[in-house]
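**Q** Everything below, folded, please.
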Amino acid sequence: MAQSQAAKAERTEPKKESVKAEEERQEELEQVDRFKLTFDDEVVKKVTAIATRQTEGILGMSGSIFQGLTERFGGTENISKGISAEVGEKQVALDIEVIIEYGKSIPNIYDTVKTNVSDAIHEMTGLEVVEFNMHVEDVLTRKEYEEKESRGTSQSPNTDRVE
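**A** Numbers count the residues shown, from 1 in each chain. Next up is the predicted model:
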């Protein structure tokens, strides 16, 4: 019976080696948590917007109706309109909505934008773009786009005026 009690005590007592290993693992986890670099979604969206707009054939970014109204009625232009980003600790998933210049190859523009955005995000943040979706909202000539943009800004109401 003395042997069975000793065996039972041996099974219930944690071995010193496993306790030490567990303490070391816990210490490593605590050290990892002390040093952390994170990015707000807006930072990744802005990098995406700038890299996208620098691509030949992209006239502009498209956004929701609400964003367009905000800009028209005195709000500032949101550089990241038309961009949705899910930012993790090491990876990013992006959806963008764009306006393409008429006569340009949309598949070529997609490949170029995807490469430019992925490179810019990786260089600036170290994050990897694991999903990239581009939705073409409209196709316009450069002249049509410029006219549309100038109409949008010139029709802003004067909010200081009382009628």
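**Q** make it CA atoms for all contacts and neighbour counts henceforth
**A** Will do.
**Q** Please enumerate the helices of this protein.
**A** In the chain, the helices defined using DSSP state H lie at 2-12, 16-34, 41-53, 65-72, 106-125, 142-154.
**Q** lowest-confidence stretch among these?
**A** Per-stretch mean pLDDT for these is lowest at helix 65-72 (a mean of 42).
**Q** Skipping adjacent residues, who's closest to residue 81 in space?
**A** Setting aside the residues directly before and after it, residue 81 is nearest to residue 63 in space (Cα to Cα, 6 or more residues apart in numbering), at 5.0 Å.
**Q** Sorry, wrong one. I was asking about residue 141.
**A** Closest to residue 141 by Cα to Cα, 6+ apart is residue 102, at 5.0 Å.
**Q** Tell me, how many residues neighbour that neighbour?
**A** If you count neighbours by other Cα atoms under 10 Å, residue 102 ends up with 16.
**Q** Please report how far it lies from residue 111.
**A** Plainly put, residue 102 is 17 Å away from residue 111 if you go by Cα to Cα, to the nearest Å.
**Q** coming back round to it: tell me who's in contact with the residue nearest to residue 81.
**A** 81-83, 97 (Cα atoms under 8 Å, 6 or more residues apart in numbering).
**Q** same thing with residue 89?
**A** Contacts of residue 89 by Cα under 8 Å, 6+ apart are 38, 127.
**Q** likewise residue 138?
**A** Contacts of residue 138 by Cα under 8 Å, 6+ apart are 98-100.
**Q** same deal with residue 80?
**A** Residue 80 touches 42, 45-46, 48-49, counting by Cα under 8 Å, 6+ apart.
**Q** roughly how far is the top strand by length along the chain from the heart of the chain?
**A** Identified as the longest strand of the chain according to DSSP state E is strand 128-140. Offset of strand 128-140 from its chain centre (Cα atoms, centre = their mean, to the nearest Å): 12 Å.
**Q** again, but for stretch 123-141
**A** 9 Å.
**Q** Buried ones in it, by neighbour count?
**A** 125, 127-129, 132, 134, 136, 138-139 (16 or more other Cα atoms under 10 Å).
**Q** can you check stretch 89-102 too?
**A** By 16+ other Cα under 10 Å, the buried positions in stretch 89-102 come out as 92, 94-102.
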